[in-house]
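>>> All I have is the shape, not the residue letters:
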């Protein structure tokens, strides 16, 4: 722009979505893919109301006036993401990590009596399945079946993995209140503003769910740096179950991408 500022455009075009369609994809499944301006706006509004730093909005185009897809133009943060800063200079990342830990605590303390995508729950809707753990078990079983069909090593261990999934799920006790979580919070989804505040991006899948789901993902992605955002009072049974479920999901997902037209660079 004339003053040197920059912006970034999100365009939710079907041709840019490399994930093959899944039978489970609908708003009542917390793990379905949310794409479009409405889920983004619902998530952004909730985070903003909680006092978290989110990008300013410069332009919304729901009517496809400019391009044949939902479009939003947002404040840009050209300083890079928190993942890159942690790799380059862990000490310099400390103020942002501390603020991110505080933001995660604020999200954890914001509760709802139902679970599911933010837009669904805040409109009075309910998820398709009765509990988070049932939802995760169904996801893990789908991922296990998909991965086993694509890799003989996983197929050989399928029965053992399935028994382990059910044993871990059976150890989880019921819960009736759910926290706000990002759902896929790698540090590449955290930008940094000029005041070193964390800025959450890729927020369309923001949901009310078990906070343990968020912390398992953080543990996997942050590894030795997880202590910076750790918290107390997590349910160990849920952590154990969700860890196996997420590892199966993170195995099946990349294999699933290969079924579509994802640009792998292979000839």
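Arrived safely, thanks for sending. Keep in mind that what you see is a predicted model, and the values were worked out from it rather than measured.
>>> residue contacts, residue 81?
187, 188, 189, 190, 191, 192 (C-beta atoms under 8 Å, 6 or more residues apart in numbering). C-beta coordinates here come from the backbone N, C-alpha and C atoms, glycine included.
>>> Export these to CSV and append columns for neighbour count and secondary structure.
Formatted as CSV, the contacts of residue 81 follow (neighbours: other C-beta atoms under 10 Å; DSSP: H, G, I helix; E, B strand; the rest coil):
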residue, neighbour count, secondary structure
187, 23, helix
188, 15, helix
189, 19, helix
190, 25, strand
191, 23, strand
192, 24, strand
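>>> of those residues, closest to residue 134?
Of all the contacts of residue 81, residue 189 has the smallest distance to residue 134: 26.7 Å, by C-beta to C-beta.
>>> I'd guessed that closest one sits against residue 201; true?
Yes: if you go by C-beta atoms under 8 Å, residue 189 and residue 201 touch, sitting 5.5 Å apart.
>>> What are the buried residues along the longest helix anywhere in the chain?
Scanning the chain for the helix with the most residues, using DSSP state H, yields helix 236-257. The neighbour-count check on helix 236-257 (16 or more other C-beta atoms under 10 Å) flags 237-246, 248-249, 251-252, 256 as buried.
>>> same question, stretch 125-144
The neighbour-count check on stretch 125-144 (16+ other C-beta under 10 Å) flags 127, 129, 131-133, 135-144 as buried.
>>> next one: stretch 254-267
Here stretch 254-267 shows residue 256 as buried, counting by 16+ other C-beta under 10 Å.
>>> Please enumerate residues in contact with that stretch?
Stretch 254-267 is contacted by residues 18, 19, 20, 146, 147, 150, 151 when judged by C-beta under 8 Å, 6+ apart.
>>> related to what we said a few turns ago, which ones among the buried residues of stretch 125-144 map onto helices?
Counting by DSSP H, those contribute 132, 133, 135, 136, 137, 138, 139, 140, 141, 142, 143, 144 to helices.
>>> between the residues you listed, which is closest to residue 172?
For these, the minimum distance to residue 172 (C-beta to C-beta) is 4.6 Å, reached by residue 133.
>>> which residues sit in contact with the closest one?
Counting by C-beta under 8 Å, 6+ apart, residue 133 touches 169, 172, 210, 238, 241.
>>> wait, which of the residues you listed is closest to residue 111?
Set against residue 111, the nearest of these by C-beta to C-beta is residue 210 (11.4 Å).
>>> Which residue is the nearest non-sequential neighbour of the closest one?
In space, and not counting its chain neighbours, residue 210 is closest to residue 132: 4.6 Å by C-beta to C-beta, 6 or more residues apart in numbering.
>>> wait, doesn't residue 136 sit right on residue 241?
Yes: applying C-beta under 8 Å, one finds residue 136 in contact with residue 241, separated by 6.9 Å.
>>> List the buried residues for stretch 75-91?
For stretch 75-91, burial by neighbour count (16+ other C-beta under 10 Å) applies to 75, 76, 77, 81, 82, 83, 85, 86.
>>> Could you save the contacts of residue 81 as a markdown table and add columns showing distance to residue 232?
Output for the contacts of residue 81, formatted as a markdown table (distance: C-beta to C-beta, whole Å):
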| residue | distance to residue 232 |
| --- | --- |
| 187 | 22 |
| 188 | 26 |
| 189 | 24 |
| 190 | 22 |
| 191 | 28 |
| 192 | 26 |
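>>> Closest to residue 102 out of these?
For the contacts of residue 81, the nearest to residue 102 is residue 190 (13.2 Å; C-beta to C-beta).
>>> Against residue 53, how distant is the spatially closest residue to that closest one that is not a sequence neighbour?
Spatial nearest neighbour of residue 190, chain neighbours left out: residue 82 (4.0 Å); criterion: C-beta to C-beta, 6+ apart. Between residue 82 and residue 53 the computed distance is 12 Å (C-beta to C-beta, to the nearest Å).
>>> joint contacts of those two?
Listed as contacting both residue 82 and residue 53 by C-beta under 8 Å, 6+ apart are residue 198.
>>> filter the contacts of stretch 254-267 to the buried ones?
For the contacts of stretch 254-267, a burial check counting by 16+ other C-beta under 10 Å picks out 146, 147, 150.
>>> Please narrow these to those residing in helices.
Counting by DSSP H, these place 146, 147, 150 in helices.
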